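Participant: Need a 3D model of the following:
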Amino acid sequence: MSAMNSHGRWAEQVEQACLSKGLQLTPLRRRVLSILGESGDPLGAYAIIDRLSKLEGKPIAPPTVYRTLEFFEDNGFLHKIESRNVFVPCEHPGHAHAGVLLLCDGCGRSQEREDDGLASAVSQAAERAGFVVVPQMLELHGLCRSCASAERGAAPAEA
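Facilitator: This next block holds a predicted model:
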């Protein structure tokens, strides 16, 4: 399934989850949801503000967008990629979970993976140190399959 189709489905899942949980989707939240759902790439707050401003035909105040992003993040619909300061739809919206975001340093795409084994290993390591971990997404940087293939196929650089 293409990123566009999966993100379009994501927006529908978020709408359904909001309905079932009694969460209000204001007009601004719906527009931000649409922007995120249509994007195949992670987006920063100012990219969202820029798109909203073009749609509205007027400047949009950053705090309103940040509050909207916080709403989606707090309700498990969105992840913030801290190392890039961008937001990406959660592939398993509406429930708290820990997982891994695989971040390609080549093309910038992200993939979300839920991995109970990894979450357990992290929790056990933390527990041995007397630390309690809250559910969160780990960020792992590297190259996706396509970028890694392209890099292996590239001619070596000359010195």
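
Participant: what bits of this structure have low per-residue confidence?
Facilitator: Residues of the chain meeting the criterion pLDDT under 70: 1-8, 94-97, 154-159.

Participant: Show me it divided up by domain.
Facilitator: 1-92, 97-159 (automatic domain parsing).

Participant: and the longest one, how far from the chain's centre?
Facilitator: Going back to what we said before, that points to domain 1-92. Remark: domain 1-92 is offset 9 Å from the chain centroid, using C-alpha atoms, centre = their mean, to the nearest Å.

Participant: Next: stretch 124-137.
Facilitator: Counting by C-alpha atoms, centre = their mean, stretch 124-137 comes out at 23 Å from the chain centroid.

Participant: Contacts for it, please.
Facilitator: Contacts to stretch 124-137, defined as C-beta atoms under 8 Å, 6 or more residues apart in numbering, come from residues 79, 96-101, 112, 119, 122-123. Where C-beta positions appear, they are placed from N, C-alpha and C, glycine not excepted.

Participant: The residue positioned nearest the centre of the chain sits in which helix or strand?
Facilitator: Here the mean C-alpha position of the chain is nearest to the C-alpha of Val88 (C-alpha atoms, centre = their mean), at a distance of 2.0 Å. Using DSSP states H and E, the element containing Val88 is strand 86-89.

Participant: same for that strand, what does it pack against?
Facilitator: Packed against strand 86-89 by the contact rule (3 or more C-beta pairs under 8 Å, 6 or more residues apart in numbering; DSSP states H and E) you find helix 3-21, helix 27-38, helix 62-74, strand 78-81.

Participant: Which element is encountered next along the chain beyond that strand?
Facilitator: As assigned by DSSP H and E, the chain's next helix or strand after strand 86-89 is strand 99-104.
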